[in-house]
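[1] Kindly return the folded structure for what I paste below:
(chains A and B)
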Amino acid sequence: MRTLLILLNKEFRQVFRNPAILRIMLVVPTVMLLVMPLAADYEVRNVKLCVVDYDHSDYGRRLINKITATSYFHLVDYTDSYDKALHYIEEEETDIILQLPASFEKDLVRENQAKLFMALNAINGVKANLGGVYLRSIINDFNQEVRQDWIQLPRYNVQPIIQIVSNNWFNPQMNYRFFMVPGILVILVTMVGGFLSALNIVKEKEIGTIEQINVTPIRKYHFVLGKLIPFWILGLVVLTIGMGLAWAVYGIVPAGNVLTIYAFAAVFLLAVLGLGLLLSTMANTQQQAMLLSFFVMILFILLGGLYTSIESMPKWAQAFTVFNPVSYFIEVMRMVILKGSSLADIQRHLIIMFGFAVVLNGLAVWNYRKRS
Amino acid sequence: MSTNTVISVKDLTKRFGSFTAVDHITFDVKPGEIFGFLGANGAGKTTAMRMLCGLSLPTAGEATVAGFDLYRDAEKIKQKIGYMSQRFSLYEDLTIRENIRFYGGIYGLSNQQIKDKTAEMTRNLKLGKEVDSLVKSLPLGWRQKLSFSVAMVHNPRIVFLDEPTGGVDPITRREFWTLIYEAANKGTTVFVTTHYMDEAEYCNRVSIMVDGRIEAMGSPGELKGKYEADDMADVFLKLARGAKRSDN
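    Numbering: from 1, shown residues only, chains lettered A, B, ... in the order given. Predicted structure coming up:
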């Protein structure tokens, strides 16, 4: 016990004497929480649209007005040359071309049906795809309106219509930030914990002090615990800063108990720090440790369900996420912050995370060799 | 192991793949002795010393250090020995006092003992107020003397010194050897590697390693007589000239 206190005393002194670590602890959460939720956004706005109108009809203009009245589309040009519009696409000045054929209104009135042509710039796949979907739904809407104008609707509709009324549970306004911020908090804790711990033991290897430690009768688990505890505390401090910012900037207050989050975060940090320390015992230089942990963290974060939902991944990738501690924490964060889940609801996650912590720290202690 | 040996080594060998760094070395060290371990760069001195300190696992052979078996009781050995490596290995971002406290604490010294040790070192090394300044601000000579004192913080039975005076000026070297003599007079066995042949003269006994084997062993006087040499440098040159491997 006394050995552990001696180790902790030394580690804390070193942390507080290292201005870089303190700066990282403050700057990383602030930048990530201020910039990422605002910039990294699924919603597609400002889709650049170019209309090629060969018809110049009333109905054509009504449709275009309807489209540009939404905030999603920005009309780049209204032209009667498809070549010119295609040129815009080549120059990346427009994302979508909507072409109204010369007989648009005539066909619509006489034949009761008309064709429109849509060309999408698929270089930016997400934007083209979502832009296309938006445009299609606006045109559908327009279609409804036109029909209502013409047809004297019978008391009973001849064509049955299914109308969908939806209700967004737990995030009624579908506020994108409510969805992103909990995930970003997880990434924050993962990065700070994972990188700092991965670099720590290996730093002692590089400067040679580990030899002096290894020649003492110190116990391996004491040494690893002495490295773990300071970063565990730092991780929880970073989480607190992050949650404070989430509340101050986005007004996000967990629907559930804050202590539930801390309870899970405490176990999660043990797992991540164990992983960092394990990588640290494997690497010989800080550079190796950095690259190794970077690789693992990127994999965990991209497959963690923050950017792409796990349910829509292929089966093999879903199988991988079972071994990804980050995905559990993101899920728990969303459950507690949005849904108000309690400790009993996240029991399964907690037990699995505990397993991760035991295995990873066990491996770190085992793989740390005092004698080579 | 007889009662009057503190280190007893028999056929100790270390191979790295096909390279035999230490090749069946056998020797005994008596308590309180200053035992010099000489050899050219790459002769295997450091590897041998690292094995005896429990930092490197031997490939073959037997050894007991401070009465404990090197294979089974390496951790018990560690309580009884001090080690000063070639590389400076105190924490540069801690003060001298904090370094002493840390290593003293790891070896299980009480707070009072740590306090006494710190006062004693401050006095012996004439540190004065420097005891509260960061180690990184110290000049090399002081660093080496401090490393030695920290390696001695728990009054070990044996202290291993790996080229402790490399790159140090002659005055500091002299002072360093004064520290070694003081330690030996208090009964600590000193196991030291060096390149300086004048330092070899200070040792009670020396062994000279060539290509991983011990080629000669004895007191400086005996060796000079045996190889008809004027000083230890001459002895060393006569033996080491036959070496096949070196740094380059």
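[2] Residue A:83 and chain B, how far apart?
    68 Å (Cβ to the nearest Cβ, to the nearest Å). (Glycine included, C-beta is placed from N, CA and C.)
[3] Need the three-state assignment for that residue.
    helix (DSSP: H, G, I helix; E, B strand; the rest coil).
[4] Am I right that residue A:101 is in contact with residue A:54?
    Yes: between residue A:101 and residue A:54 there is a contact under Cβ atoms under 8 Å: 5.8 Å.
[5] what's the neighbour count on residue 124?
    Went with chain A since none was named. 15 (other Cβ atoms under 10 Å in any protein chain shown).
[6] that's the wrong chain, I meant chain B
    13.
[7] need the contact list for the residue lying closest to it once chain neighbours are set aside.
    The spatial neighbour of residue B:124 that comes closest, neighbours along the chain excluded (Cβ to Cβ, 6 or more residues apart in numbering or on different chains), is residue B:149 at 7.1 Å. Applying Cβ atoms under 8 Å, 6 or more residues apart in numbering or on different chains to residue B:149 gives the contacts B:100, B:121, B:124, B:125, B:179.
[8] Does the residue nearest to the spatial centre of chain B have any beta-bridge partners, and if so which?
    Using Cα atoms, centre = their mean, the residue of chain B that lies closest to the mean C-alpha position is residue B:161, 2.0 Å off. Listed by DSSP bridges, the beta-bridge partners for residue B:161 are residue B:84, residue B:192.
[9] which residues does the residue of chain B found nearest chain A contact?
    Taking Cβ to the nearest Cβ, chain A has its nearest neighbour within chain B at residue B:105, 3.4 Å off. Applying Cβ under 8 Å, 6+ apart to residue B:105 gives the contacts A:2, A:3, A:5, A:6, B:114.
[10] 10 Å instead, please
    Contact analysis of residue B:105 by Cβ atoms under 10 Å, 6 or more residues apart in numbering or on different chains lists A:2, A:3, A:5, A:6, A:7, A:9, A:10, B:111, B:113, B:114, B:153.
[11] for residue A:358, helix, strand, or coil?
    Quick answer, by three-state DSSP: residue A:358 is helix.
[12] pretty sure it is touching residue A:274, no?
    Yes: using Cβ atoms under 10 Å, residue A:358 is in contact with residue A:274, at 8.4 Å.
[13] higher neighbour count, the two?
    residue A:274 (25 against 13).
[14] Quick one: mean pLDDT over stretch B:37-48.
    Regarding stretch B:37-48, the rounded mean pLDDT is 89.
[15] buried set for that stretch?
    Buried residues in stretch B:37-48, counted by 16 or more other Cβ atoms under 10 Å in any protein chain shown: B:37, B:38, B:39, B:40, B:42, B:43, B:44, B:45, B:46, B:47, B:48.
[16] Can you show me the strands along chain B?
    Per DSSP state E, chain B carries strands over the ranges B:7-16, B:19-29, B:34-39, B:60-65, B:68-69, B:81-84, B:158-162, B:189-194, B:205-210, B:213-218.
[17] all helices for chain B, in order.
    In chain B, the helices defined using DSSP state H lie at B:45-52, B:74-80, B:96-106, B:111-124, B:140-151, B:170-185, B:197-200, B:220-226, B:232-240.
[18] which helices and strands sit right next to the shortest one?
    The reference is to helix B:197-200. Helices and strands touching helix B:197-200, by 3 or more Cβ pairs under 10 Å, 6 or more residues apart in numbering or on different chains; DSSP states H and E, are strand B:34-39, helix B:170-185, strand B:189-194, strand B:205-210, helix B:220-226, helix B:232-240.
[19] which of those is buried the deepest?
    Greatest average neighbour count among the helices and strands packed on helix B:197-200 goes to strand B:34-39 (a mean of 26), per mean count of other Cβ atoms under 10 Å in any protein chain shown.
[20] list the helices and strands the helix or strand where residue A:267 lies packs on?
    Applying DSSP states H and E as the criterion places residue A:267 in helix A:258-282. Where contact means 3+ Cβ pairs under 10 Å, 6+ apart, helix A:258-282 is packed against helix A:176-207, helix A:220-250, helix A:286-302, helix A:325-334, helix A:347-367.
[21] Buried residues, it. List them.
    Buried-residue list, helix A:258-282, by 16+ other Cβ under 10 Å: A:260-261, A:263-265, A:267-282.
[22] Same question for stretch B:64-79.
    Buried, per 16+ other Cβ under 10 Å, within stretch B:64-79: B:64, B:65, B:66, B:67, B:68, B:70, B:73, B:74, B:75, B:77, B:78, B:79.
[23] Please go through those and note which also touch chain A.
    Checked against chain A using Cβ under 10 Å from any Cβ of the partner chain, the buried residues of stretch B:64-79 give the following subset in range: B:70, B:74, B:75, B:77, B:78, B:79.
[24] okay, these in TSV with pLDDT and distance to residue A:82 next?
    Formatted as TSV, those follow (pLDDT from 0 to 100; distance: Cβ to Cβ, whole Å):
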residue	pLDDT	distance to residue A:82
B:70	93	86
B:74	91	82
B:75	92	82
B:77	95	86
B:78	95	82
B:79	94	87
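[25] now for the contacts of residue B:149, which pair is the farthest apart?
    Greatest spatial distance in those: B:100 and B:179, 15.4 Å, computed using Cβ to Cβ.
[26] Could you verify my assumption that residue A:333 touches residue A:258?
    No: look at residue A:333 against residue A:258 with Cβ under 10 Å: they stay out of range, at 11.7 Å.
[27] For the chain, which residues score under the pLDDT cut-off?
    Unless you meant another one, I'm taking chain A. Low-confidence segments of chain A (pLDDT under 70): A:40-43, A:151-160, A:174.
[28] wait, I meant chain B there
    B:1-3, B:245-248.
[29] Against residue B:136, how distant is the residue of chain B most remote from its centre?
    For chain B, the residue at maximal distance from the C-alpha centroid (Cα atoms, centre = their mean) is residue B:129, at 28.9 Å. According to Cβ to Cβ, to the nearest Å, residue B:129 stands 16 Å off from residue B:136.
[30] what helix or strand does residue A:55 sit in?
    Applying DSSP H and E, one finds residue A:55 in no helix or strand.
[31] if I pick residue A:325, what's in contact with it?
    Contact analysis of residue A:325 by Cβ under 10 Å, 6+ apart lists A:186, A:190, A:267-272, A:274-275, A:300, A:304, A:349, A:352-353, A:355-357, A:360.
[32] how about the CA coordinates for stretch A:185-200, as CSV?
    Output in CSV follows, covering the C-alpha atoms of stretch A:185-200 (Å, rounded to 0.1, in the frame of the first residue of the first chain):
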residue,chain,number,x,y,z
LEU,A,185,-17.9,12.7,-24.9
VAL,A,186,-17.0,9.0,-25.2
ILE,A,187,-14.4,9.7,-27.9
LEU,A,188,-12.9,12.4,-25.7
VAL,A,189,-12.5,10.1,-22.7
THR,A,190,-11.2,7.3,-25.0
MET,A,191,-8.6,9.5,-26.7
VAL,A,192,-7.3,11.2,-23.6
GLY,A,193,-7.1,8.0,-21.6
GLY,A,194,-5.8,5.8,-24.3
PHE,A,195,-3.1,8.0,-25.6
LEU,A,196,-1.7,9.3,-22.3
SER,A,197,-1.5,5.9,-20.8
ALA,A,198,0.0,4.3,-24.0
LEU,A,199,2.8,6.9,-23.9
ASN,A,200,3.6,6.6,-20.3
